[in-house]
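Asker: 3D model of this:
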Amino acid sequence: MRIEISAIVMALAFVIASSAAGAANGTQRTILFGVNYLPQVTCVEDFSPYWKTDNWTEKRMVTDMKIMKAMGCSCVRFHIMPALRTIGKDELIPAEKYVRMIDLGVKTARELGMRFHMDLDAYPGPYAEEVVKYSVGRYKGKIESYQIGNERWDFPEKPETLTWLQGIVELLHSIDPNAKVTGDFMVPDWVKIRDTFPKLYSELNPTTAHYYPVTDYRGWNQLYIDDLVDYLGNPTGRKSVADASYAAKRKLSDFGEYDAKAKSFDHDLYVGSYGWLDKDVWITEISSHGYWRWGNLTPEDKRAADWKRLVDAVAGSKNRVARMYHHCFRDKMSWREFGQGQSGIVYYDGSPRPATFAFKDMAEKYSPVDSPMRAIGCGVERVIVPDGAQTVALTITLVNKTAKALKGAAVLELPDGITAQATVLNFSLPAKRSETWTAQVNVSNARWGVNHVFVKINIPEGLVYGWGVIAKPKAVSVDSAAVLTAESSPVRYVQGYQAVQEFLQKYGDDCAIVTGPCIGSDMEMAYRLKCVLQAERCKEIPLRSSILALDVLNRPLIVIGTPVNNQISHAIEMTLPEDQRITAANPGLEKGVVNVVQAPFGAMNVDARFSPQCEYLGYYFGGCPAALYVAGPDDTGTKAAAYDLILRIWGKDVKY
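Answerer: Numbering: from 1, shown residues only. Reported below is the predicted structural model:
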């Protein structure tokens, strides 16, 4: 061990940057931060209609919640949980498993010092009473707060429904008088409840808010940040951005099937202001990338910067916001909960992205003055395991952020397959000083991919977790024996499976993925392949829509999508012989194709100077040596091709 004046490792920005943010917080307000967690969704790999894998394990959930703690979460929202032994929502997850999930979540949150907010999936009828009696009785004194239903904008429509809700709230408080309880309503409905059901209004605390700006792939803009601030705190009245942006579409019911349940909603989106009310506000759904459907494409650095910008704007204005929950925790490979969009604050394998560090910074900046995050920080350097290595050095830095000496113990918590001789550091840190600790860890039996490493620190101020990863890249292989369907394969590998494997092994670390429309099935297929390849290779892989792809077209490419929707696919089709093109004239390709294409944008023509592909695209991308072309004549064919390739790379087994 050696004592240092300042941080050693650049990768330790996770602790160092937030230290500076917190130090300036003498009189700043307190906001607690958390995430929405849907283990019944994010832990299920749903590749319907071909296969599903329940990837939920107790170890994975505990790991997830330790990551949350290390990110600075003071609270967690378990989202849309049925919470009854007799009711489940997915044939893959039996009802009793939901109870195991919640039991473990409640237990782990208490051990980590995180507040637990439970979103009870309840609605009028006897089922709701059973939910409340069972869940609140089971977790009395362990769960801090409940909400009755998620986005049930229809509850306030009828007086009889509010009468029912009042009875449910009274039942809940009769079982656990100290539990907070709330519901999801728009501001005019809160006003209606206040004016017509004052007893119910007095028992509902806090209010909750969701805010999704209808921006594009560029993320948050100042218009919506200003509108959010107005929405949260203008006491005299406001006119929402929705009025200007949606033109004739003024009600949730105007927005299609997803919001059909709100067809009776009779006032404008995001109208009114929480400044009209006299209750604390918990923003229970908000995302760093803005509008959920653009999460696949929003640039990572922009997401991180925008999260800081919007949090500072909320914290710097007059309102009663007490908590902010990012929606949601992990990326996913499931069609449930925004099937064609991603919104994780961490990647699918749980590894941090730039927005993760921004979240940590803001969580500390606005943490309570007595938070242990303000006393000590811990950074764990990311380690990439070289091929064949048996041991690696893991560098851990502790930072005393206070003006007094700190004493305590730091315990290294390692995942299965990784061991170390020394796992406990008893430290004594002078004021404003840091210390590094290098642990030699044995990784000979480490699992491939990202292995999460934690440092548990106990000091008198409380519990703090440090977090890092030991990444063990896996050579990508393509399983020629995998079977997508019981029938003959619906996907044709033009050069065979070996050619695809050779492409991925040669170009996988340098390639980019390009798909067609910014939103839709092709984009979801592309993002899932990105999740798989990143998890195996432990390296960020750029993803672009074809219209935004100019910066990557000189790289090796994986191109996903039908040529009808994707101009890059259309350009590649120009290079292919007739019998390999996706056309109605090729019935053998009607369900999907995986094709390795050399020089996909053609060669320079000495006379014409440009290939037909170049003329079509408007540029010459001679730096692209090859492309893996994954496509079909329509969405069904592209899905078959993408899923077949993922199956052969990723498999159906439980990974975590």
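Asker: so Gly141 touches Pro177, yeah?
Answerer: No. Applying C-beta atoms under 8 Å, one finds Gly141 not in contact with Pro177, separated by 10.3 Å. Yep, even glycine has a C-beta here, placed from its N, CA and C like the rest.
Asker: Quick check: Glu170 is in a helix.
Answerer: Yes. Assessed by DSSP: H, G, I helix; E, B strand; the rest coil, Glu170 belongs to a helix.
Asker: Give me the below-cutoff pLDDT ranges for the protein.
Answerer: Counting by pLDDT under 70, the chain contains low-confidence ranges at 1-27, 82-92, 237, 239-269, 336-341, 486-489, 583-590, 603-610, 615, 618-620.
Asker: Nearest residue to the middle of it?
Answerer: By C-alpha atoms, centre = their mean, the mean C-alpha position of the chain lies nearest to Gly344, the distance being 0.8 Å.
Asker: For Leu172, see how far away Ala109 is.
Answerer: As defined by C-beta to C-beta, to the nearest Å, Ala109 lies at a distance of 19 Å from Leu172.
Asker: just Ser145 next, same as before
Answerer: Separation of Ser145 from Leu172 (C-beta to C-beta) stands at 11 Å.
Asker: intersection of neighbour lists for the two?
Answerer: Ala179, Val181 (C-beta atoms under 8 Å, 6 or more residues apart in numbering).
Asker: what about the two, which has more around it?
Answerer: Counted by other C-beta atoms under 10 Å, Ser145 and Leu172 do not tie: Leu172 has more neighbours, with 25 against 20.
Asker: just to revisit the earlier point, can you classify the residue nearest to the centre of the chain by secondary structure?
Answerer: Here Gly344 is coil, with the state taken from three-state DSSP.
Asker: Can you give me the neighbour number for the closest residue to it other than its chain neighbours?
Answerer: Computed as C-beta to C-beta, 6 or more residues apart in numbering, the closest residue to Gly344 that is not its neighbour in sequence is Asp331, at 3.8 Å. A count of nearby residues for Asp331, using other C-beta under 10 Å, gives 23.
Asker: show me what contacts Met114?
Answerer: Contacts of Met114 (C-beta under 8 Å, 6+ apart): Gly34, Met65, Met68, Lys69, Cys73, Ser74, Cys75, Val76.
Asker: List every C-alpha atom in the strand or helix carrying the first one, with coordinates, as CSV.
Answerer: Assigned by DSSP states H and E, Gly34 belongs to strand 32-37. C-alpha atoms of strand 32-37 as CSV (Å, rounded to 0.1, in the frame of the first residue of the first chain):
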residue,chain,number,x,y,z
LEU,A,32,-32.4,11.1,-3.3
PHE,A,33,-31.8,9.1,-6.5
GLY,A,34,-32.9,5.6,-7.5
VAL,A,35,-33.7,3.4,-10.5
ASN,A,36,-36.7,1.5,-11.7
TYR,A,37,-36.1,-2.2,-11.6
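Asker: Contact partners for the residue nearest to Val478 when sequence neighbours are not counted?
Answerer: Computed as C-beta to C-beta, 6+ apart, the closest residue to Val478 that is not its neighbour in sequence is Gln501, at 4.1 Å. Going by C-beta under 8 Å, 6+ apart, Gln501 touches Val476, Ser477, Val478.
Asker: same check, this time on His79
Answerer: Here His79 is in contact with Asn36, Tyr37, Leu38, Asp119, Asn150, Cys328 (C-beta under 8 Å, 6+ apart).
Asker: May I have the secondary structure class of Lys66?
Answerer: helix.
Asker: How about it: what's its closest non-neighbour residue?
Answerer: Using C-beta to C-beta, 6+ apart and skipping residues adjacent in sequence, the residue nearest Lys66 is Phe454, 5.2 Å away.
Asker: chain center to the helix or strand harbouring the one you found, what's the gap?
Answerer: Using DSSP H and E, Phe454 maps to strand 449-459. Its chain's C-alpha centre and that of strand 449-459 lie 20 Å apart, by C-alpha atoms, centre = their mean, to the nearest Å.
Asker: Parallel or antiparallel, which strands does whatever helix or strand comes next after it pair with?
Answerer: Later in the chain than strand 449-459, the nearest helix or strand by DSSP H and E is strand 462-472. Sheet pairing here is set by DSSP bridges, and for strand 462-472 it gives strand 383-384 (parallel), strand 449-459 (antiparallel).
Asker: re earlier: how about the helix or strand following the strand holding Gly34 as PDB, C-alpha atoms only?
Answerer: The helix or strand immediately downstream of strand 32-37 is helix 39-42, counting by DSSP H and E. Taking C-alpha atoms only, helix 39-42 is exported to PDB below (Å, rounded to 0.1, in the frame of the first residue of the first chain):
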ATOM      1  CA  PRO A  39     -36.300  -8.200 -12.900                       C
ATOM      2  CA  GLN A  40     -39.300 -10.000 -14.400                       C
ATOM      3  CA  VAL A  41     -38.600  -8.100 -17.700                       C
ATOM      4  CA  THR A  42     -34.900  -7.300 -17.800                       C
END
